[in-house]
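Trainee: Generate coordinates for the sequence data below:
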Amino acid sequence: MAQSIKLKRSAVVGKTPLTSSLELGELAVNTADGKIYLHRSGSGDDTIQSVLTTDATITGSLKLSGSQHISGSIGVMDNITLKVIYQVHWVQHHHLIELYPLIQLLSDI
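Mentor: Numbers count the residues shown, from 1 in each chain. Take a look at the predicted model:
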């Protein structure tokens, strides 16, 4: 027999749960915003964290590490800081220098 798991949920746009309304590690969903929330404990204080979902607006910081492969377009609604570093390659048989840009994101999106 299949079992259904129901999360605490709200259909009110912009409503986020409070730490007092979720047990530690419990998930909740806002069906209007398409966001999932987690009650997290860390560094001495409990917080509600938004879990990354598709087609949802992220507020706060988003920190990525490792390689990211993005296809399509990226819209930036605020400032973004990039650092461009060039790898220089000398091509002996053509007597030219080739530059390969490496782009590093320095600010939160």
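Trainee: for the residue lying farthest from the centre of the chain, helix, strand, or coil?
Mentor: Centroid-distance maximum for the chain: His93 at 44.6 Å, with Cα atoms, centre = their mean. Secondary structure, DSSP: H, G, I helix; E, B strand; the rest coil: His93 is helix.
Trainee: quick one: it from Leu99, how far?
Mentor: 18 Å (Cβ to Cβ, to the nearest Å). To be clear about C-beta, it is placed using only N, CA and C from the backbone, and glycine gets the same treatment.
Trainee: can you check Arg9 too?
Mentor: According to Cβ to Cβ, Arg9 and Leu99 sit 52 Å apart.
Trainee: What of Lys15?
Mentor: According to Cβ to Cβ, Lys15 stands 50 Å off from Leu99.
Trainee: more neighbours, these two?
Mentor: Remark: of Lys15 and Leu99, Lys15 carries more neighbours, 13 against 8, as counted by other Cβ atoms under 10 Å.
Trainee: so how far is Tyr100 from the more buried one?
Mentor: Distance check for Lys15 against Tyr100: by Cβ to Cβ, it reads 47 Å.
Trainee: got it, and Ser41?
Mentor: 44 Å.
Trainee: Same question for His39.
Mentor: His39 is 45 Å from Tyr100, where distance means Cβ to Cβ.
Trainee: neighbour count winner among these two?
Mentor: When His39 and Tyr100 are compared for neighbours, His39 comes out ahead with 20 against 9, by other Cβ under 10 Å.
Trainee: Name the nearest residue to the more buried one, ignoring sequence neighbours.
Mentor: Nearest non-adjacent residue to His39, counting by Cβ to Cβ, 6 or more residues apart in numbering: Leu22, 3.9 Å away.
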